[in-house]
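K.L.:
got a predicted structure plus its sequence, pasted below:
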Amino acid sequence: MIIQSISARNVLKYKSLELNDLPEQGIIAISGFNESGKSTIGESICFALFGRTFSIDEDELDKILRWGASDCSVTIRFSHQSADASEPELYAITRMLDCDGNHSAKLYKVYNEENAIARCVERVEEALYKLTSVEFDEFIESFYLAQREITTPYPHSYALKTMAGIATMEYCEQNIQEDIEQDIVVSEELINRINLLEEEIEAIQLDEQHLDKLTAQHDQLLADKKQIDENLSELNSSIEQYNTDQPQKVAYQYKKGRAGFWRFISLILAAGFLGLWVILVKMPGSDLFNKVNELLQTNVPQFTAEQYPFLLYAGSGFALLFIIFWAMIVSHKGNIGRLDEAGKTLAEKLRALDSECAAESDENKDMLLRRIEKSSLDTKALSEALQADLDYLTQEQEKLAEQISELSSELAIERDRVEKVRDLLEKVDILQAQVDDKAERNRIRELASELLMGATHHLSKRFNHVIRDHVSKTLPLFTDNRYEHLQIDEDLTVRVFSNEKHDFMELDEISSGTQRQIMLAVRLALSQEMVSRKVHNQQFLILDEPFAFFDEERTERSLAVLPELSDNLPQIWIIAQTFPEGMNFKRTIYCEREQVEKTA
């Protein structure tokens, strides 16, 4: 960036400032007594570019306004050659400010003002940086030596770090350290939470085997109740079957008895009729025949020989009835035997129940069981006899149900405790995983921080070497070859090599004028390195009172050296109260105290 012209209105001292056709190369000398407006020119340039100056911050912009003025404006034209352009282009930046704090800016190409590159303060700042690669702090540190004591550059300034190429790495390293510290704080909070959760787990006093014991007891009670339920159900079913079958058995026994009676009668009658037939038909003339025949003739005179066959028929009929009644008896016995199974089943279940209950043997109970087994006990007697057993099973059933209910409640409480502990342990695992993850992240960050610090140290040393090389070219010119080499530490502490003493000397060991010459050489070296590293273009340089404590000889020597400093720093603005006579400057601007309108 090379300044072509400056046009300002109501900025600081000047009501009007017009500097046109400024030379692109060589020294522009600005001289005048104190408070004559020399520094106003440099500050006008700074305000136009960045909206502030070295001595006036953004919060105090009202001080920019000339006393009594309601608004101010400044426009500078400058040339700049982009990387993809074959020759420099002309740009202009205009900035305006009023007493109400309204601040505006515009960046545009000189011959295309209508299509501005950027408008408003923020966008102009972004566009200018994109164009020139220079921010305010870097400009102040490198290309604008304000009216102040020339000292060693502040080693931790952002501009120097940017020039050294370590600003981004330091920013990253700082963020890494902040992340490490933040994760350490978060890890401590997580560990505190873990401790609280572990205390809560400890307070629950969970017995890991207690739930299994309760579950086993609960399962056993359920099995016992199921067995009781089955026994009671089977017993009731057997009793019901017994009560259903017993009346049928009695009926079959009655039928069997009647069939037996009639079978006996049929047997007697069949034997009688068949015996008479045999005697009368098969034994004629025998004594038994004669007695039977006589008896029949006496009592039944109408019964003749022609009726003898009816005796066979009658005997055969009653024999057939005998067989029928015998079959009926067999059938009734079968039914009675079948119905006896209910009694046997009931008796077996009662014996099994006594065995499960470990009941002692009782003669009356044994007799009762035998009667039940034979189904000889009626339903009423059975109900009375088994009521005690049924009451016992019902009581056991209710007792087990109550125990199961109580144990289920205890089991639910214990399961809730186990679930709560499980949830707490899961939270502990999650928090511990976060702690471990943050520890691993911090380990990686610390490694990255070490690598960044190592790279930063390497680049700082290389930057110091570069600055030292730049200084070694200019310092002999400033000091008439008495001092050539500098030793620059990482904190930019400077020691100079004396050709006379053949050793490095502290700055305190040399004169103040030589010190300022050395520091001026260091500042100029920073300017050259800034151009080389970031700007990559020709750049103007402003030096405000750089020779304040130089004697005339040093001043002349320095003024002679500056134009030869660097091809990338062709335009050098030097502000001083006076200059040695006979100096040949490209442009000389003289300022007077009473002059508020300046044109040059």
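P.N.:
Looks like it came in fine.

K.L.:
only C-alpha atoms for contact and neighbour calcs from this point on.
P.N.:
Fine.

K.L.:
ok, longest helix in the protein?
P.N.:
helix 379-479 (DSSP state H).

K.L.:
packing partners for that helix?
P.N.:
In terms of contacts (3 or more CA pairs under 8 Å, 6 or more residues apart in numbering; DSSP states H and E), helix 379-479 is packed against helix 158-164, helix 167-204, helix 210-277, strand 483-488, helix 512-530, helix 552-561.

K.L.:
just want the angle from the next helix or strand after the third one to helix 210-277.
P.N.:
Counting by DSSP states H and E, the element after helix 210-277 in chain order, helix or strand, is helix 287-299. With axes from the mean of the first three to the mean of the last three CA atoms, to 10 degrees defining the directions, helix 287-299 sits at 80 degrees from helix 210-277.

K.L.:
how far does helix 287-299 sit from its chain's centre?
P.N.:
Put simply, helix 287-299 sits 127 Å off its chain's centre (CA atoms, centre = their mean, to the nearest Å).

K.L.:
what is that helix packed up against?
P.N.:
Partner elements for helix 287-299 (3+ CA pairs under 8 Å, 6+ apart): none found.

K.L.:
so how far is the helix or strand just after that helix off the chain centroid?
P.N.:
Sequence-wise, the next helix or strand downstream of helix 287-299 (DSSP H and E) is helix 308-356. Between the centre of helix 308-356 and the centre of its chain there are 86 Å (CA atoms, centre = their mean).

K.L.:
for Leu97, what are its contacts?
P.N.:
65, 71-73, 103-104 (CA atoms under 8 Å, 6 or more residues apart in numbering).

K.L.:
can you check Ala8 too?
P.N.:
By CA under 8 Å, 6+ apart, the neighbours of Ala8 are 14-18, 44, 72-75.

K.L.:
my guess is Ser566 contacts Ser527, does it?
P.N.:
No: using CA atoms under 8 Å, Ser566 is not in contact with Ser527; the gap is 9.7 Å.

K.L.:
these two: who's more crowded?
P.N.:
Ser527 (26 against 15; other CA atoms under 10 Å).

K.L.:
identify the residue nearest that one in space, chain neighbours excluded?
P.N.:
Ser142 (4.6 Å; CA to CA, 6 or more residues apart in numbering).

K.L.:
same deal with Leu424?
P.N.:
Using CA to CA, 6+ apart, the nearest residue to Leu424 is Leu197, at 6.3 Å.

K.L.:
what's the burial count for the closest residue in space to Arg77 that isn't next to it in sequence?
P.N.:
Counting by CA to CA, 6+ apart, Ala92 is the residue found nearest to Arg77 once chain neighbours are left out, at 4.3 Å. Ala92 has 23 neighbouring residues, counting by other CA under 10 Å.

K.L.:
contacts only, for Ala92.
P.N.:
Contacts of Ala92 (CA under 8 Å, 6+ apart): 75-78, 107-110.

K.L.:
what about the residue positioned nearest the centre of the chain, distance to Leu288?
P.N.:
Centroid-nearest residue in the chain: Gln434, 9.0 Å away (criterion: CA atoms, centre = their mean). In this structure, Gln434 and Leu288 are 127 Å apart, going by CA to CA, to the nearest Å.

K.L.:
and if you look at His332?
P.N.:
Counting by CA to CA - His332 and Leu288 are separated by 41 Å.

K.L.:
ok, Arg417 next?
P.N.:
107 Å.

K.L.:
which of the two has more neighbours?
P.N.:
Per other CA under 10 Å, whichever of Arg417 and Leu288 has more neighbours is Arg417, with 18 against 13.

K.L.:
so where's the stretch 301-450 of the chain shaky on pLDDT?
P.N.:
Residue ranges of the stretch 301-450 of the chain with pLDDT under 70: 356-362.

K.L.:
once you drop chain neighbours, what's closest to Met328?
P.N.:
According to CA to CA, 6+ apart, the nearest residue to Met328 is Ala259 (6.6 Å).

K.L.:
neighbours of the one you found, just the number please.
P.N.:
Neighbours around Ala259, by other CA under 10 Å: 21.

K.L.:
identify the residues contacting the closest residue to Val435 other than its chain neighbours.
P.N.:
Take Val435 and drop its neighbours on the chain: the residue closest to it by CA to CA, 6+ apart is Ser187, 5.4 Å away. Shown in contact with Ser187 (CA under 8 Å, 6+ apart): 434-435, 438.

K.L.:
nearest to Asn293, out of those: which one, please.
P.N.:
Within the contacts of Ser187, proximity to Asn293 (CA to CA) peaks at Gln434, which comes in at 129.2 Å.

K.L.:
so how far is Glu189 from that closest one?
P.N.:
11 Å.

K.L.:
now the common contact residues for the two.
P.N.:
With CA under 8 Å, 6+ apart, Gln434 and Glu189 have no common neighbours.

K.L.:
follow-up on the earlier one: got JSON lines for the helices and strands packed on helix 379-479, with mean pLDDT too?
P.N.:
Putting the helices and strands packed on helix 379-479 into JSON lines (pLDDT from 0 to 100) gives the following:
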{"stretch": "helix 158-164", "mean pLDDT": "61"}
{"stretch": "helix 167-204", "mean pLDDT": "91"}
{"stretch": "helix 210-277", "mean pLDDT": "87"}
{"stretch": "strand 483-488", "mean pLDDT": "69"}
{"stretch": "helix 512-530", "mean pLDDT": "77"}
{"stretch": "helix 552-561", "mean pLDDT": "82"}
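
K.L.:
quick check: which of the ones you listed is buried the most?
P.N.:
helix 512-530 (a mean of 23; mean count of other CA atoms under 10 Å).

K.L.:
let me know the angle separating that one from helix 379-479.
P.N.:
Using the same axes, to 10 degrees, helix 512-530 lies at 120 degrees relative to helix 379-479.

K.L.:
and the helix or strand that helix 512-530 is followed by, what does it pack against?
P.N.:
Per DSSP H and E, helix 512-530 leads on to strand 541-544 as the next helix or strand towards the C-terminus. If you count contacts as 3+ CA pairs under 8 Å, 6+ apart, strand 541-544 packs onto helix 38-50, strand 144-145, strand 571-576.

K.L.:
other residues contacting strand 541-544?
P.N.:
Outside strand 541-544, the residues that reach it (CA under 8 Å, 6+ apart) are 39, 42, 143-148, 569, 571-576.

K.L.:
list the buried residues of it.
P.N.:
Buried residues in strand 541-544, counted by 16 or more other CA atoms under 10 Å: 541-544.

K.L.:
report the mean per-residue pLDDT for it.
P.N.:
Mean pLDDT, strand 541-544: 90.

K.L.:
run me through the strand neighbours of that strand, direction for each.
P.N.:
strand 144-145 (parallel), strand 571-576 (parallel) (DSSP bridges).

K.L.:
angle of the longest one against helix 38-50?
P.N.:
Which is strand 571-576. 140 degrees.

K.L.:
packing partners of whatever helix or strand comes next after strand 571-576?
P.N.:
Remark: after strand 571-576, the chain's next helix or strand is strand 587-590, criterion DSSP H and E. The contact analysis (3+ CA pairs under 8 Å, 6+ apart) places strand 587-590 against strand 26-31.

K.L.:
please state the offset of the strand it packs on from the chain centre?
P.N.:
64 Å.

K.L.:
show residues contacting it.
P.N.:
Under CA under 8 Å, 6+ apart, the answer for strand 26-31 is 38, 563, 570-579, 585-591.

K.L.:
weed out the non-buried ones from these.
P.N.:
Buried among the contacts of strand 26-31 (16+ other CA under 10 Å): 38, 563, 570-577, 579, 587, 590-591.

K.L.:
export the helices and strands packed on helix 379-479 to a markdown table and tack on distance to His458?
P.N.:
Formatted as a markdown table, those follow (distance: least, CA to CA, whole Å):
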| stretch | distance to His458 |
| --- | --- |
| helix 158-164 | 10 |
| helix 167-204 | 12 |
| helix 210-277 | 65 |
| strand 483-488 | 14 |
| helix 512-530 | 17 |
| helix 552-561 | 32 |
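
K.L.:
which one of those lies closest to Leu447?
P.N.:
Among the helices and strands packed on helix 379-479, helix 167-204 sits nearest to Leu447 (CA to CA), with 10.3 Å.

K.L.:
picking that back up, so which of the contacts of Ala8 belong to helices?
P.N.:
Ser44.
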